[in-house]
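Asks: Provided below for reference: sequence and predicted model.
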Amino acid sequence: VLSWVTGWGMGVIRAGLVGVSLAASSLGLLRFLPISDNFDERVGDKSFSSASQEFNSKKVREELALRHQRLSRTPPTSPRNKFDTRWLNGELSSDHAGETGAVWIYEGALDAMKVNSVSAEVARGFVLEHLQAERRHLELIEAIVPDEGRTSLIPIWRIAGWLLGVFPTLVGPGSLFVTVQAVETFVERHYKHQIDPLVAEGMCPELVRLLVACCEDEVHHKEDAAERALDVGVNPGLMVDIWKTLVEAGSAAAAEVARRV
């Protein structure tokens, strides 16, 4: 426990000293700002890939429009009303925010590796592999969620994700692996919370297929991070459990905000 307290304390000190300089020099504040353009021209009816699967964004958007049309005729007292259009719009907004944050966790980790060579040596391959997957996820979600359906707090999500990648990586690779494991534990539950009702409805099969593919990737990330954490000597204990709980709770709170704002 003492070693973990000391390690995290030193990591926070180092992060405080170098975090601002990293953001100012290698990143620049403009990196966190969204770039707006025309959603329809940007997306159209393109197909997007995740792993070995392809998903047609136009088909997903047609499913969402048909679902909205059907549920608009559903009586307010119907059990289906619990999972109405507002519910799914909020969930997709939180998905977009979450995948944005995930990309920036790994971006932050890469930036921190410019300072911590040990983390770079041990975890760079892990970060690059999972960053590529998260970028695919974000591309998929951006293709089906129009600009007006996204949270207005995207710059904050980018900064928060970046910091969540920087701080643990400055402490060491084990801290990064534990952090990713905690984030992905929440994300797995988050996606299943959406998938189960949609499967029961049977109205959006292409969207369900997309969400299942993303969820499977996240489970792989979680399991990979857990295995790597053990490999570098991170043992279960009080401080690890506290940190995981904090990260999971923070992720859940962020998702709830993204549903509403």
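Replies: Structure received. Residues are numbered from 1 along each chain as shown.
Asks: Tell me where the protein has helices.
Replies: For the chain, the helices defined by DSSP state H cover 2-21, 39-43, 57-71, 85-112, 117-144, 154-171, 173-201, 205-231, 238-260.
Asks: is it possible to export those helices to a markdown table including mean pLDDT and mean neighbour count?
Replies: All C-beta spots, glycine's among them, are computed from the backbone N, C-alpha and C. Below are those laid out as a markdown table (pLDDT from 0 to 100; neighbours: other CB atoms under 10 Å):
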| stretch | mean pLDDT | mean neighbour count |
| --- | --- | --- |
| helix 2-21 | 51 | 14 |
| helix 39-43 | 46 | 12 |
| helix 57-71 | 90 | 16 |
| helix 85-112 | 95 | 23 |
| helix 117-144 | 95 | 18 |
| helix 154-171 | 95 | 23 |
| helix 173-201 | 96 | 21 |
| helix 205-231 | 96 | 18 |
| helix 238-260 | 95 | 16 |
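Asks: where's Ala254 relative to Arg260, distance?
Replies: As judged by CB to CB, to the nearest Å, Ala254 and Arg260 stand 11 Å apart.
Asks: Next: Leu164.
Replies: Between Leu164 and Arg260 the computed distance is 21 Å (CB to CB).
Asks: for Val232, same thing?
Replies: Using CB to CB, Val232 is found at 38 Å from Arg260.
Asks: before we move on, what about Arg209?
Replies: For Arg209, the distance to Arg260 - CB to CB - is 27 Å.
Asks: same thing with Pro168?
Replies: 28 Å.
Asks: Next: Cys204.
Replies: 22 Å.
Asks: got it, and Gly250?
Replies: As judged by CB to CB, Gly250 and Arg260 stand 16 Å apart.
Asks: Could you do Leu131 as well?
Replies: 28 Å.
Asks: And Lys192, by the same measure?
Replies: Lys192 is 21 Å from Arg260, where distance means CB to CB.
Asks: do the same with Trp243
Replies: 27 Å.
Asks: what does Cys215 give?
Replies: Cys215 sits 23 Å away from Arg260 when distances are taken as CB to CB.
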